[in-house]
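**Q** Got a predicted structure plus its sequence, pasted below:
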Amino acid sequence: MKYRRFLFDLDDTLLDFKASERLSFSRALSSLGIDGEDEPLFADYQRENMLLWSEFEKGMVRKEILKVERFRRVFEQHGIDANPETASARYLQFLPETVVLVEGAAEICERLAGVGEVAIITNGIEAVQAKRIENSGLGQWLSFVATSETCGFAKPDIRFFEHAASRFRTFNKEEAIIVGDRLDADILGANRFGIESCWFNPLRAENRSLAVPTIEVARLSEIAVRLAGG
C-alpha cells in the first residue's frame, strides 16, 4: 500500500450522522414540550441546515449564527413559540450522546492506523465532534482531529487541507488520501489540494459534479482492498 496518511471525513463516512441527527432533534423538541409528529419539522430543519452549512462553507455565515438560525427558521415556519437558542443548546447537548458508527468504521481505522497515520477532517462544531469521537471509541486509532473551527477555513478551502496536512508528523502528497462522502467538500477539496481521494458512496449516487475521485467505494470494508490496489 503506497498510502501512509489517511484523512477521513467524520459525518456519514465514519459516523452515521443522519441517525444521530434525527434522534437528537426529536429529543431536543421533546425537552421543550414540543411533542407529537415532528417529521415535517425535521424535514424543514434538514433543508435549512443544509442551506446554512453551504453558506458557512462559502464564508457567508458564522457558525455561531448557523447553530441557532436553523431552529429559528423552522419555528417561524411552523408558528412554534419556542426559544431557538434553547433548542440549539439542547440539540448540541444530545448529539454527542447518540453516536452511531457506520458499518466497518472501527475496523478500517484500526487497520489503516497499523500502516500509517489516520486523522479526521471535519467542518462540524469542534466541542460536539470531540465528544462524539470520544463516545465512538475511534479515538484510539487517530493521530489528530482537524476542524474548520480551529483552522478558520472550511472544506473545500485549500487552506483547511494545508492546516490538516501540517498536523501530521511528516507529510507528502504522494502518500496521502482523503476519504469522504461529499463530493463538494471532501473530493473537491482533495482535487484542489492535489492529493488522491476515495469517495464513500453507499447509495451509489451518480457523480454529476466537477469533483473527480481517485477511487469509489460503497462500503468501508472495501477501502483497504482498493487502497492496496491503488
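**A** Okay, I see it.

**Q** Listing request: residues of this protein with sub-threshold pLDDT.
**A** 1, 36, 229-230 (pLDDT under 70).

**Q** can you map out the strands along it?
**A** 5-9, 117-122, 142-147, 176-180, 196-200, 215-217 (DSSP state E).

**Q** helices or strands next to the fifth one in the packing?
**A** This points to strand 196-200. Counting by 3 or more Cβ pairs under 8 Å, 6 or more residues apart in numbering; DSSP states H and E, the packing neighbours recorded for strand 196-200 are strand 176-180, helix 188-193, strand 215-217, helix 223-229. Every residue, glycine included, has its C-beta placed from N, CA and C.

**Q** again, but for the shortest one
**A** The elements that strand 215-217 packs onto, with contact taken as 3+ Cβ pairs under 8 Å, 6+ apart, are strand 196-200, helix 223-229.

**Q** could you redo these as TSV and give each row distance to Ser148 and mean neighbour count?
**A** Shown next, in TSV, are these (distance: least, Cβ to Cβ, whole Å; neighbours: other Cβ atoms under 10 Å):
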stretch	distance to Ser148	mean neighbour count
strand 196-200	18	24
helix 223-229	24	15
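
**Q** Need the ones you listed in CSV (columns: distance to Lys18).
**A** Listed next are the helices and strands packed on strand 215-217 as CSV, based on distance: least, Cβ to Cβ, whole Å:
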stretch, distance to Lys18
strand 196-200, 14
helix 223-229, 20
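
**Q** Go through the ones you listed and name the closest to Arg90.
**A** Comparing these by their distance to Arg90 (Cβ to Cβ), the top pick is strand 196-200, with 30.2 Å.

**Q** List the neighbouring strands of that closest one plus their orientation.
**A** According to DSSP bridges, strand 196-200 forms sheet pairs with strand 176-180 (parallel), strand 215-217 (parallel).

**Q** Now do the last one: everything it contacts.
**A** So the one you mean is strand 215-217. With contact meaning Cβ atoms under 8 Å, 6 or more residues apart in numbering, strand 215-217 is reached by Glu196, Ser197, Cys198, Trp199, Phe200, Asn201, Ile223, Arg226, Leu227, Gly230.

**Q** Quick check: closest non-adjacent residue to the second one.
**A** What it means is Ser197. Nearest non-adjacent residue to Ser197, counting by Cβ to Cβ, 6 or more residues apart in numbering: Ala190, 3.6 Å away.

**Q** check contacts around that neighbour.
**A** Residues counted as contacts of Ala190 (Cβ under 8 Å, 6+ apart) are Phe161, Ile177, Ile178, Glu196, Ser197, Pro213.

**Q** follow-up on the earlier one: tell me which of the strands paired with strand 196-200 sits most buried.
**A** Of those, the one with the most neighbours on average (mean count of other Cβ atoms under 10 Å) is strand 176-180, at a mean of 26.

**Q** Return it as CSV; C-alpha atoms alone will do.
**A** What follows is strand 176-180, C-alpha atoms only, in CSV (Å, rounded to 0.1, in the frame of the first residue of the first chain):
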residue,chain,number,x,y,z
ALA,A,176,-1.9,10.9,1.3
ILE,A,177,-5.6,10.2,0.5
ILE,A,178,-8.8,11.8,1.6
VAL,A,179,-11.9,9.5,2.3
GLY,A,180,-15.3,11.2,2.4
